[in-house]
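J.: Model the structure of this input:
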Amino acid sequence: MTKNLLALLGLICALNIYAQKQLTAASPDGRIVTTVTLGDKLNYSITHDGETVLYPSPISLTLSSGEVWGAKPQLVQSSQKSIQETIASPFYRKDKINDEYTLLTLNFKKQWGIEFRIYNDGVAYRFVNKRPKPFTIAGEEVAYNFGSDVTTIVPYIQRGEEGNYESQFHNSFENTYTTDKLSKLNKQLLMFLPLVAETSSGKKICISESDLESYPGLYLSAAGDNHSLTGMFAPYPHATERGGHNMLQFNVTQREPYIAKVTGPRTFPWRMAIVATADKNLADSDMTYKLAAPSRIKDISWIKPGKVAWDWWNDWNITGVDFESGVNNDTYKYYIDFAAANGIEYVILDEGWAVHLKADLMQVVDEIDIKELVDYAAARNVDIILWAGYYAFERDMENVCRHYSEMGVKGFKVDFMNRDDQEMVEFNYRASAICAKYKMILDLHGMYKPAGLNRTYPNVLNFEGVHGLEQMKWSTAEVDQMKYDVTIPFIRQVAGPMDYTQGAMNNGTRGNYRPSNSQPMSQGTRCHQLASYVVFESPFNMLCDTPTNYMREPESLNFIATIPTVWDETITLDGKIGEYIITARRKGDVWYIGGMTNWDARDLKVDLSFLGDAARSATLFKDGMNAHRNGVDYKKENIQLKGKKELDIHLAPGGGFALRVER
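T.: The predicted model follows:
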């Protein structure tokens, strides 16, 4: 090779290095570093303790005009600063959050920018638009390049045809998890968020998004190379057709050639990558809440979290009464009396109170007098919540909220949205705002992950987007709900609260569980169900079973009825995704500790050191000696914890324990 050729190659390399401008920013503790590279494309990467956990991954937005934000970006200004503040977090797993991060801001020519936040437990970025004129976005490039064939834990879309992404965009965001190598994932199915990847060194990366406002939700696909996941978005609806469950949904029949409309200056959703060296760190992450827009409700004093006596799961199946149970006033008065006797804050009227197939919430069936029920409940310090299908609520939202709030109804459970394109995301924000206007709470069912909406509108107390206990009304024994239960605290719950709807009193072991619509049961033991009220985050928490069954089980009922639904402090003590979890939560001076396992029996050592040395008494619910044969078997013990640093507890297959600790 000649000297001239060597010199030319050296010059080319030098020019390439010059063109590839790099900026780095580190987390407050210095363990996580993000490198942003500006060249022909805009890329970023993440290292943790020097190990690359996310290899250079492209970021771009393509406008319908053909302009690409991220292609040969021309940097105008960059800045870094350290942020440390405290966020009040009512109706959450803790009452305040320490929000500490490094902010990296990049501003580019043509009035756009990107912000990065580097936390001690991960990295998030978002695009920023500064243009005053409207435009549309044809697509967004999102990629997660792992550099090797990592292990993944993912929820696939459970509906639609393989390879037909359009059919998959209409779904309920409920599925169990598949664990497999990235290269082995189904390339014909979309995955919804959150999901987790595990590096060869055992570090976990949880991918999700936050502050999802007026923008479609992110799906991921493995259809690219074997080391990457790439983003996909539902295009904006052009035409919809009424249909679906009881004609209460709208299916998209034609879409626009863009994913989002932009009307002026705004920020876009945060793309999150939470990094954890221990599984329990994922369960403790507050990144979703931190990244969400602050509350838009100034006075939140009227928002009341609590527990709900629920009718639908138990099929209105009460016994020992002198009336026929069902959707009628006598049945709901019975539920109200049950709630009042046990200090349960709410009773819900699920589907059936409005006239079938009319999609009109002003048309109430003859068997129901809502005003009478509201007054009857109010006299007993119980409040009423109404179920509403999406279309019935959307078509007359303001009038419906005004009418029923004046009547004394305290909120709605809205169901069957089953989409997350920009149009549906905007509906959820609009519903949240209008309910807040009339001081009504909201439980969003048939819904994607929370993505921070519960911080922006704290009257939205709960979200589905979870393969909850309702699935046990029809799922066969091949569905492994026990593994799922000890997976979601590390993945789905990272996105926010879950309307899991637990509380079954009929509990099935692996050998005797069976689906039943009118007399449903849970998989796993009674103590697994009790523990779920500690482990699962749910400010608006259902008691899914029938009052008849609860009244036969006064010890279990008392534990469920008296447990808080929002907390001052939460600590995940131990756990491993898909195997077990132990969670501690504090309200005032009282601690609750809950543990759950998959179908494997196990002996746990519960770390009590966080309680200190003060004398404490505790009530323990643990699996009975025969819980492996009969899931309802449990034992209640009163114990003293002074001087105890650990507690040994045996969990049956599908088992659990629940501990209430007082001074």
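
J.: Which phi and psi values does the closest residue in space to A25 that isn't next to it in sequence adopt?
T.: Among residues not flanking A25 along the chain, L104 sits closest, at 4.1 Å (CB to CB, 6 or more residues apart in numbering). In short, each C-beta sits where N, CA and C put it, glycine included. When read as degrees, to the nearest 10, the backbone of L104 gives phi -110, psi 120.

J.: Run through this protein and note the low-pLDDT ranges.
T.: 1-19 (pLDDT under 70).

J.: run the last query once more with 50
T.: Applying pLDDT under 50 to the chain picks out residues 1, 5-18.

J.: doesn't T565 make contact with K587?
T.: No - counting by CB atoms under 8 Å, T565 is not a contact partner of K587; they are 9.3 Å apart.

J.: So between those two, which is more surrounded?
T.: Neighbours were counted for K587 and for T565 using other CB atoms under 10 Å; T565 has more, 20 against 15.

J.: Just confirm that one is within a helix.
T.: No - under DSSP: H, G, I helix; E, B strand; the rest coil, T565 falls outside any helix and is assigned coil.

J.: can you count the residues close to E213?
T.: For E213, the neighbour count with other CB under 10 Å is 20.

J.: burial measure for the residue nearest to N129 when sequence neighbours are not counted, as a count.
T.: If the residues on either side of it in the chain are set aside, N129 comes closest to R266, at 5.4 Å by CB to CB, 6+ apart. For R266, the count of nearby residues is 14 (other CB under 10 Å).

J.: cool, S516 as well?
T.: Neighbour count of S516, defined by other CB under 10 Å: 14.

J.: Let me see the contact set for the closest residue to it other than its chain neighbours.
T.: Excluding the flanking residues, the one nearest S516 by CB to CB, 6+ apart is K473, at 7.1 Å. Contact analysis of K473 by CB atoms under 8 Å, 6 or more residues apart in numbering lists W313, P515, S516, N517, P520.

J.: so S522 touches T509, yeah?
T.: No - using CB under 8 Å, S522 is not in contact with T509, being 10.6 Å away.

J.: who touches both of these two?
T.: Contact criterion CB under 8 Å, 6+ apart; residues shared by S522 and T509: G631.

J.: Specify which residue of the two has the higher count of neighbours.
T.: Neighbour totals were compared for S522 and T509, and S522 leads with 26 against 22 (other CB under 10 Å).

J.: got the contact list for that one?
T.: S522 is in contact with L469, M472, Q481, Q502, A504, N506, N507, G508, Y513, H528, Q529, G631, counting by CB under 8 Å, 6+ apart.

J.: Among those, which are located in helices?
T.: Q481, H528, Q529 (DSSP state H).

J.: Which among the residues you listed count as buried?
T.: Buried subset of the ones in helices among the contacts of S522 (neighbour count, 16 or more other CB atoms under 10 Å): Q481, H528, Q529.

J.: any chance of the residues you listed in a markdown table, plus distance to T253?
T.: Output for these, formatted as a markdown table (distance: CB to CB, whole Å):
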| residue | distance to T253 |
| --- | --- |
| Q481 | 35 |
| H528 | 43 |
| Q529 | 42 |
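
J.: which among those gets closest to S64?
T.: Using CB to CB, Q481 comes nearest to S64 of those, at 44.1 Å.

J.: dump the residue contacts of the closest residue to the closest one other than its chain neighbours.
T.: Distance criterion CB to CB, 6+ apart; nearest residue to Q481, sequence neighbours excluded, is Q523 at 4.5 Å. Shown in contact with Q523 (CB under 8 Å, 6+ apart): M472, A477, Q481, M482, N507, G508, R510, Y513, G654.

J.: One more pass at 7 Å, please.
T.: Residues near Q523 by CB atoms under 7 Å, 6 or more residues apart in numbering: M472, Q481, M482, G508, Y513, G654.

J.: what ranges do the helices span in the stretch 351-500 of the chain?
T.: Using DSSP state H, counting those that start in this stretch, the helices of the stretch 351-500 of the chain run over 370-378, 390-394, 397-407, 422-437, 453-456, 481-485.

J.: Redo those helices as CSV? Include distance to G320.
T.: Listed next are the helices of the stretch 351-500 of the chain as CSV, based on distance: least, CB to CB, whole Å:
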stretch, distance to G320
helix 370-378, 20
helix 390-394, 34
helix 397-407, 31
helix 422-437, 37
helix 453-456, 39
helix 481-485, 30
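
J.: for those, which one sits closest to Q254?
T.: helix 422-437 (12.7 Å).

J.: Now do that closest one and helix 397-407, the angle between them.
T.: Computed by axes from the mean of the first three to the mean of the last three CA atoms, to 10 degrees, the angle separating helix 422-437 from helix 397-407 equals 30 degrees.

J.: For helix 422-437, enumerate the helices and strands it packs against.
T.: Applying 3 or more CB pairs under 7 Å, 6 or more residues apart in numbering; DSSP states H and E, one finds that helix 422-437 contacts helix 397-407, strand 411-415, strand 441-444.

J.: For the first one, which residues meet the burial criterion?
T.: Neighbour counts using 16+ other CB under 10 Å place M397, V400, C401, Y404, S405 of helix 397-407 among the buried residues.

J.: got the angle between it and strand 411-415?
T.: For helix 397-407 against strand 411-415, the angle by the same axes, to 10 degrees is 140 degrees.

J.: counting contacts, what elements does helix 397-407 pack onto?
T.: So helix 397-407, by 3+ CB pairs under 7 Å, 6+ apart, packs with helix 370-378, helix 422-437.

J.: how near is the residue nearest to N129 to P458?
T.: R266 sits 22 Å away from P458, going by CB to CB, to the nearest Å.

J.: go on, K576?
T.: 32 Å.

J.: Of the two, give the one with the bigger neighbour count.
T.: P458 (22 against 14).

J.: Is it correct that the more buried one is in contact with A88?
T.: No - if you go by CB atoms under 7 Å, P458 and A88 don't touch, sitting 10.0 Å apart.

J.: Make sure A276 is actually in contact with D284.
T.: No - counting by CB under 7 Å, A276 does not reach D284; the two are 8.7 Å apart.
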